[in-house]
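>>> Generate coordinates for the sequence data below:
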Amino acid sequence: MTDTSTTDTAENRLFDYSPITDRPRISWPGGARVAAYIGLNVEHFLLDRPSTSIWPGTADLVPDALNYGWRDYGSRVGIWRAVDSLDRHDIRASVLLNSAVAHHHPQIVEAGLSRNWAWLAHGRTNSILHAGMSLDEERRFLTDVVDTIGAATGRRPQGWMGPGLTETFHTPTLLAELGLSYLLDWTNDDQPYRLNVPGMVSVPYSVELNDLLLFGRGVTGPEFVQIVRDQYEQLHADSEHSGRVMALALHPFVIGQPFRAKYLDQALAYLAAQPDIWLTTSDEIAAHYQRTVVAPGRPPA
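Below you'll find the predicted structure:
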């Protein structure tokens, strides 16, 4: 197996430059032009660590009731609004799952199992970024995360997104050793692409079409719906000769707030009504790309 890990940060060895105008054609199932998935972040946060915050003024306090409570709303209330909306439009979520959720919020895992959600490894907790580990420490850590999710869901995850989209130089190789096949961390494309780790690809994710960042910048509900429409329309236009991927990133403590619920429903209704969309999971996108583009292509790195 090629080891793309390096401490030489001047040279990117994980993937090669590839202009989107010079690639093999991607054809999605059923003649769809855009493959779309809902990246639902299901996360666990620690009471005594600074984490994602709505107001930084108390973020360093222990306990930080203001920000911890805001985040905790997602698992107690917000997730269930999102579930209702996904169900209403018959959409399976691609769940970015902190492995600690399996212990702390098993009811969410049970709800996802009954709906055949796709499960991606998302570290152990979003209170700790995936960094600063030796090779052996990271191997043990990732093995525990993957094994925990596999035991809780009945299926080992195929995809990975680090907490805060974080990795080490060793992460892709170690994940491949554990049987994973794709990453979401590198948000630099509208199509999947090969990584220089055999068997591994990158699947598009978005830090722009992302409720946490959009609403954090003051976007309103109606503006959110229009942004979703604009994203799809442009990707549909771009896909005339080769398929594109649209990722909608959601966090239950953001999109699950009562005053935003109807706007999520409107956005999902719009996507579900599009005739040229393959509304699927990131697992299925990665598998289709591996099967139809990578497998017939050049030999593994």
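>>> got any ranges where the chain has weak pLDDT?
When residues are selected by pLDDT under 70, those of the chain lie in 1-10, 297-301.
>>> how about the helices of it, start to end?
Using DSSP state H, the helices of the chain run over 65-73, 79-88, 101-104, 106-114, 135-153, 171-177, 211-216, 221-238, 252-255, 261-272, 282-289.
>>> Could you provide those in CSV, with additional columns for mean neighbour count and distance to residue 11?
C-beta here means a position set from N, CA and C on the backbone, and glycine is covered the same way. Shown next, in CSV, are the helices of the chain (neighbours: other CB atoms under 10 Å; distance: least, CB to CB, whole Å):
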stretch, mean neighbour count, distance to residue 11
helix 65-73, 17, 38
helix 79-88, 18, 41
helix 101-104, 16, 36
helix 106-114, 15, 40
helix 135-153, 17, 19
helix 171-177, 22, 15
helix 211-216, 18, 30
helix 221-238, 16, 30
helix 252-255, 26, 37
helix 261-272, 19, 39
helix 282-289, 23, 26
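>>> wait, what's in contact with the closest residue to residue 265 other than its chain neighbours?
Using CB to CB, 6 or more residues apart in numbering and skipping the chain neighbours, the partner closest in space to residue 265 is residue 85 (4.7 Å). Contact analysis of residue 85 by CB atoms under 8 Å, 6 or more residues apart in numbering lists 261, 264, 265, 268.
>>> Distance check, the first one against residue 181.
When CB to CB, to the nearest Å is the yardstick, residue 261 and residue 181 sit 34 Å from each other.
>>> Turn the helices of the chain into a markdown table, columns for distance to residue 59.
Listed next are the helices of the chain as a markdown table, based on distance: least, CB to CB, whole Å:
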| stretch | distance to residue 59 |
| --- | --- |
| helix 65-73 | 6 |
| helix 79-88 | 23 |
| helix 101-104 | 21 |
| helix 106-114 | 25 |
| helix 135-153 | 25 |
| helix 171-177 | 27 |
| helix 211-216 | 14 |
| helix 221-238 | 25 |
| helix 252-255 | 15 |
| helix 261-272 | 26 |
| helix 282-289 | 30 |
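>>> nearest to residue 44, of the ones you listed?
If you check each of the helices of the chain against residue 44 by CB to CB, helix 101-104 wins as the nearest, at 5.0 Å.
>>> tell me what the closest one is packed against?
The contact analysis (3 or more CB pairs under 8 Å, 6 or more residues apart in numbering; DSSP states H and E) places helix 101-104 against helix 106-114, helix 135-153.
>>> In TSV, list those helices along with distance to residue 54.
Conversion of those to TSV gives the following (distance: least, CB to CB, whole Å):
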stretch	distance to residue 54
helix 106-114	21
helix 135-153	27
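>>> So which of those is nearest residue 53?
If you check each of the helices and strands packed on helix 101-104 against residue 53 by CB to CB, helix 106-114 wins as the nearest, at 22.0 Å.
>>> so what secondary structure elements neighbour the closest one?
Helix 106-114 makes packing contacts with strand 93-97, helix 101-104, helix 135-153 when contacts are defined by 3+ CB pairs under 8 Å, 6+ apart.
>>> Show me the contact partners of it.
Residues from elsewhere that reach helix 106-114 (CB under 8 Å, 6+ apart): 42, 75, 79, 83, 93, 95, 97, 101-102, 119, 152-154.
>>> Pull the most distant pair out of those residues.
75 and 154 (21.1 Å).
>>> So between those two, which is more surrounded?
Neighbours around residue 75 and residue 154, counted as other CB atoms under 10 Å, are more numerous at residue 75. The numbers are 21 against 9.
>>> isn't the more buried one right up against residue 100?
No. Contact criterion CB atoms under 8 Å: residue 75 and residue 100 do not qualify, at 11.1 Å.
>>> Pull up the overlap in contacts between those two.
Common neighbours of residue 75 and residue 100, counting by CB under 8 Å, 6+ apart, are residue 44.
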